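> 3D, please:
(chains A and B)
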Number of protein chains: 2
Amino acid sequence: MRLAIDAMGGDFGPRATVVGAARALLAHPRLEVRLFGRQAELEGVIETLPSSLTAVLPRLSLQHSPTTIAEAMKPSSALRAPRDSSLAMMLDCVAAGDADAAVSAGNTGALMALARRALGTVAGVPRPAISTAIPTRLGDRCYLLDLGANVEASAERLVDFALMGDVMAREVDGLPAPRVALLNVGVEGTKGTASVRQADAMLRRATDLDYRGFVEGDGIFSGDVDVVVCDGFVGNAVLKASEGLAKMLIDRVQQTFDAHWTSRLVGVLARPALRRLKSQLDPVRYNGASLLGLGGIVVKSHGGADDTGFAYAVSRAVQEVEQALPVRLASELGRRRSAIAAVASQGGGGAEACRPDEYNSER
Amino acid sequence: MRLAIDAMGGDFGPRATVVGAARALLAHPRLEVRLFGRQAELEGVIETLPSSLTAVLPRLSLQHSPTTIAEAMKPSSALRAPRDSSLAMMLDCVAAGDADAAVSAGNTGALMALARRALGTVAGVPRPAISTAIPTRLGDRCYLLDLGANVEASAERLVDFALMGDVMAREVDGLPAPRVALLNVGVEGTKGTASVRQADAMLRRATDLDYRGFVEGDGIFSGDVDVVVCDGFVGNAVLKASEGLAKMLIDRVQQTFDAHWTSRLVGVLARPALRRLKSQLDPVRYNGASLLGLGGIVVKSHGGADDTGFAYAVSRAVQEVEQALPVRLASELGRRRSAIAAVASQGGGGAEACRPDEYNSER
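Numbering: from 1, shown residues only, chains lettered A, B, ... in the order given. Predicted coordinates:
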């Protein structure tokens, strides 16, 4: 298995990506990695690799790419930019069949646009959805999608997200019957926007999907469902707010222990327990968002991830390659969409659930 | 000052509302409260009030209301229900000028619908927005609105939310120049939905508003802004997700201390510090969501609030009465909307920021 990696993306650039790739190579003995970026910079980082990682060097190759896509570059500009950037060359490598998947910590919008150009989408998906796993109350994970690729989503798109999330949780995590839910402002059928209510009616017709109806925001963390579906605006706001809140709460725990002399002592004693907690909740462990619906595997690492986080994103890509995720997505999406449409044409109903309600309010 | 209180709403009914009202009366010596509900039930709770609270009884009156609005009742059904429910009678009392504000822990949708019927809206606001304060990193608060009354919001509505949030933070919290932001999937002007980008262009024209542009979800907790504006679907999802995450994290801190024998000991010692932390973060302290844009003051207590939480919601209403919030909202909304429109007609620009962007993606 060979992965193509854009080594220039992310807040820490090659320092995180090259070391992270080396860590992933150590964890996956049959993996090969091709790094794309400015050769001199990459070589500089490779020279400083700790001796514990030098054993992987025979499986690590470099491909010089003269330019980079800046973090602030707009997708439309990225599409007009020369194709010799680390991002574009990485994707072209996958498109040419020279690598099985791509991993980047760079500009998400540019990655999305260039990936769509290089790899196309499957099963008539107009634009890929972004999904990541979120830790839940019971120590499990829940996939949330879309996270920002589709700031608005029709009912049909929400249904696609649900089916893709189901396939991903089934194939990559090995869940026999992932529990899938739609995010809404209440659990009653009369709540929410027209597209959410219509998607609910459509998903109720899906026979081989464990569809659980609506959940509210707290349902993401409850452990009661495995996939939560929403449009990209909502998903992005929820994900970013959760990151901000988690950071604030963990800081507050620390401050609480630092504030009083009695608790300062306790704080010193409590440090190992808090460290364990932080590592359990660390978003780094869940790093690696999947671009679903493309004709190839592309994983986006968080821009702020360090080398350990980047290694998780690489491992995510390895799992998706092992399960041939795009092939499964394409076939399942086609088959199940037709099944839903067939039930609908037989009068499967559900349209009555779409009536507007004057006061869709809930707090 | 006299408040009307629906004593039958919320998960705990009169046990929380009657005791909470008594606590609020103790805190506000010039306050009078009229409770609406089934007289026998209310009297039952009053008889068991602790002696520390009996001094307030002369300022507490009861008004029998034979029916209640169930939590699951749809707003449209609530509008057709007889007007002798505790919720409807409370609102009619405010509408008749016999009370200065209403507080309920009951059905939000019904409260919204009946409040709009009884009190009307001001300044052409089609439907009130719901707003609550959220604790931030620096120990301050940030107002988030809308929280679910408007599942979709045009640019004009988002502008109204921004102006109302500004007035509330100015009047109720005494901030000289609240920092106001729009929630979006990125901070660049090309990101987000058309309505968010158009609202951004309009708010940039507002001269007497400290408008800070876009924030992402983590900006709610950063302490960098005082008011964050979004549509009700997004706000509701973010608020509920935050509640779920905070609960999960605090449980995890406890579990971490309970899991190992070394940390169990530390856990016992750490208990007072953790209690302090919990109380700092307790959403109860921030209980009381304001229905903004009505012709009167209505505060919604969280359904799960206990008597302490309900007392906070009552205090919230007291603050809003002291500042004559609806009058201020009506005049400011009218004045500032015209100012924004005037700048627009003079070619204040901003329309160029509304062009669609093919890839509004961001993670």
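
> the bottom helix or strand of chain A by mean pLDDT?
helix A:261-281 (a mean of 67; mean pLDDT, DSSP states H and E).

> kindly provide the distance from residue A:218 to residue A:70.
38 Å (C-beta to C-beta, to the nearest Å). (Glycine included, C-beta is placed from N, CA and C.)

> equivalent analysis for residue A:137, please.
The spacing between residue A:137 and residue A:70, counted by C-beta to C-beta, is 39 Å.

> please apply the same query to residue A:47.
The spacing between residue A:47 and residue A:70, counted by C-beta to C-beta, is 26 Å.

> quick revisit: the more surrounded of residue A:218 and residue A:70?
Legend: neighbour count by other C-beta atoms under 10 Å in any protein chain shown for residue A:218 and residue A:70, higher for residue A:218 (20 against 15).

> look up how far chain B lies from the more buried one.
Relative to chain B, residue A:218 is positioned 3 Å away (C-beta to the nearest C-beta, to the nearest Å).

> state the pLDDT value of that residue.
In this model, residue A:218 is scored at 94, pLDDT.

> now do the SS call for the residue lying closest to it once chain neighbours are set aside.
Among residues not flanking residue A:218 along the chain, residue B:244 sits closest, at 2.8 Å (C-beta to C-beta, 6 or more residues apart in numbering or on different chains). Secondary structure assignment for residue B:244 (DSSP: H, G, I helix; E, B strand; the rest coil): helix.

> whatever residue of the stretch 51-200 of chain A ends up closest to chain B: how many residues sit nearby?
The nearest approach of the stretch 51-200 of chain A to chain B comes at residue A:75, 3.4 Å away (C-beta to the nearest C-beta). Residues lying near residue A:75 (other C-beta under 10 Å) number 22.

> right, and the helix or strand after the strand or helix carrying residue A:142?
In this structure, residue A:142 sits in strand A:141-145 according to DSSP states H and E. Sequence order places helix A:155-171 as the next helix or strand after strand A:141-145, per DSSP H and E.

> restricting to C-alpha, output that next one in CSV.
Provided in CSV are the C-alpha atoms of helix A:155-171 (Å, rounded to 0.1, in the frame of the first residue of the first chain):
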residue,chain,number,x,y,z
ALA,A,155,-33.1,16.5,1.6
GLU,A,156,-31.4,14.3,-1.1
ARG,A,157,-28.0,15.4,0.0
LEU,A,158,-28.8,14.7,3.6
VAL,A,159,-29.9,11.2,2.6
ASP,A,160,-26.6,10.7,0.8
PHE,A,161,-24.7,11.8,3.9
ALA,A,162,-26.7,9.3,6.0
LEU,A,163,-25.9,6.5,3.6
MET,A,164,-22.2,7.4,3.3
GLY,A,165,-21.9,7.7,7.1
ASP,A,166,-23.6,4.3,7.5
VAL,A,167,-21.2,2.6,5.0
MET,A,168,-18.1,4.2,6.6
ALA,A,169,-19.1,3.1,10.2
ARG,A,170,-19.9,-0.3,8.8
GLU,A,171,-16.8,-0.8,6.8
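
> now the strands for chain A?
Taking DSSP state E, the strands of chain A run over residues A:2-6, A:32-37, A:60-64, A:101-104, A:129-135, A:141-145, A:179-183, A:210-215, A:227-229, A:289-292, A:297-300.

> what about the longest one and chain B, touching?
Yes. Part of strand A:129-135 sits near chain B under the criterion C-beta under 8 Å from any C-beta of the partner chain, namely A:130, A:132.

> show me what that strand is in contact with.
Outside strand A:129-135, the residues that touch it by C-beta atoms under 8 Å, 6 or more residues apart in numbering or on different chains are A:108, A:112, A:141-150, A:157, A:160-161, A:164-165, A:168, A:220-221, A:232, A:235, A:239, A:242, A:280-281, A:285-286, A:288-293, A:300, B:361, B:363.

> of the residues you listed, select the buried ones using a PyMOL command.
Applying 16 or more other C-beta atoms under 10 Å in any protein chain shown to the contacts of strand A:129-135 leaves a buried subset, and the PyMOL line that selects it is:
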select buried, (chain A and resi 108+112+141+142+143+144+145+146+147+148+149+150+157+160+161+164+165+168+220+221+232+235+239+242+281+286+288+289+290+291+292+293+300) or (chain B and resi 361+363)
